[in-house]
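1. Quick one, fold the following:
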Amino acid sequence: MKYEAEVGRRRILGGIAVLGLGAAATGCTIQQGPAEAEARESGPSSQYIFGYGSLIQKESREETWPKAGKCFPVSVKGITRGWYDRVDTVSWGPTYLGAFPDRSATCNGVIFQVAQDELKVFADREKGYKLLRIPPRDITMLDGRSAPPPGTFWYFGSMSRMYVSEEFPLVQSYVDVCVSGCLEVEEEFPASRAAKFAQKFFTGTTDWKTPWINDRIYPWRPFVHVPQANRIDTLIRDQLGEEMFRSISLPGAGA
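-> Numbering: from 1, shown residues only. Now for the predicted structure:
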């Protein structure tokens, strides 16, 4: 996943990756769809992306494509998610979420429909991942429906595992984007709240490790830039424990 600086704060460009390589390598055909995502009708030729990281958050999706469309919460069997991906950079960079096939694991996230042009834009957003297909039978809808919509489902898997280190720490601003997205989903979909969607993000993600840097703007008043900060911190405490929460350090303060 990528991490870029935007006006006033860092913004996240993580969650999924390449189309140009993946689509050609898998031989998949991407069908052209209408420009207005909201007006689409799902059918056998529809294409969906499974976002398991920052793309759970609506704002993050729309930064890549303003009309990325409505998302639907899901749980997918056969995917393991963890903190083990990074981007080559000459500057500082964090460790991001990645994913691998694993029949013993389950990963929650969102699916959203995309057209060919949108897929190309999302491909530009992410590099270094491979396009993998999700069998519809492995998808459990968390919006109250009994089955996923007709179509083809993809996620972007990691090429290798590169874990959290002093040079590539876990950073709070990235965690905030992912978890705030989960809280958005719970607010919109009561069925996902009943399924403890935000909690499952924590329990369904491996390799929560230090160093973990609190790079929020105004960390003593985090709600100024992260409205859900208190709820996010409560989830970290509840799901990962007080010791892990207390190990989160300010930049330059050490792990």
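
2. Grab the most central residue of this protein for me.
-> residue 53 (1.2 Å; CA atoms, centre = their mean).

3. what's the distance between it and residue 224?
-> Note on residue 53: its distance to residue 224, by CB to CB, to the nearest Å, is 24 Å. All C-beta atoms are positioned from the backbone trio N, CA, C, and that covers glycine.

4. The residue nearest to the centre of the chain against residue 97, yeah?
-> Yes. Under the criterion of CB atoms under 8 Å, residue 53 makes contact with residue 97 at 4.0 Å.

5. Residue 185: neighbouring residues, count only.
-> 25 (other CB atoms under 10 Å).

6. quick one, domains of the chain?
-> 2-158, 170-246 (automatic domain parsing).

7. what's the first-to-last distance across the shortest one?
-> So that's domain 170-246. Taking CA to CA, to the nearest Å, domain 170-246 runs 14 Å from one end to the other.

8. so who does residue 223 touch?
-> By CB atoms under 8 Å, 6 or more residues apart in numbering, the contact list for residue 223 reads 229-230.

9. So it, which state does it fall into?
-> helix (DSSP: H, G, I helix; E, B strand; the rest coil).

10. hmm, back to that, and the domains of the chain, which one averages the lowest pLDDT?
-> Between the domains of the chain, the lowest average pLDDT goes to domain 2-158, which shows a mean of 76.

11. ranges for the strands of the stretch 1-150 of the chain?
-> 2-6, 9-13, 47-51, 71-85, 96-114, 129-134, 139-141 (DSSP state E, counting those that start in this stretch).

12. The fourth one vs strand 129-134, what angle?
-> For strand 71-85 against strand 129-134, the angle by axes from the mean of the first three to the mean of the last three CA atoms, to 10 degrees is 140 degrees.

13. Show me which positions of strand 71-85 end up buried.
-> Neighbour counts over strand 71-85 (16 or more other CB atoms under 10 Å) mark 71-85 as buried.

14. and of the residues you listed, the nearest to residue 129?
-> residue 85 (8.0 Å; CB to CB).

15. what is the closest one paired to in the beta sheet?
-> Residue 85 forms beta bridges with residue 96, as assigned by DSSP bridges.

16. How about residues contacting the helix or strand hosting residue 235?
-> According to DSSP states H and E, residue 235 maps onto helix 229-240. Defining contact as CB under 8 Å, 6+ apart, one finds that helix 229-240 is touched by 175-176, 179-180, 183, 198-199, 202-203, 208, 216, 222-223, 226, 244-245, 248.

17. Please state the offset of that helix from the chain centre?
-> 18 Å (CA atoms, centre = their mean, to the nearest Å).

18. Now do the contacts for the closest residue to residue 79 other than its chain neighbours.
-> Of all residues not flanking residue 79 in the chain, residue 107 sits nearest, at 4.1 Å (CB to CB, 6 or more residues apart in numbering). Applying CB under 8 Å, 6+ apart to residue 107 gives the contacts 52, 75-76, 79-81, 99, 204.
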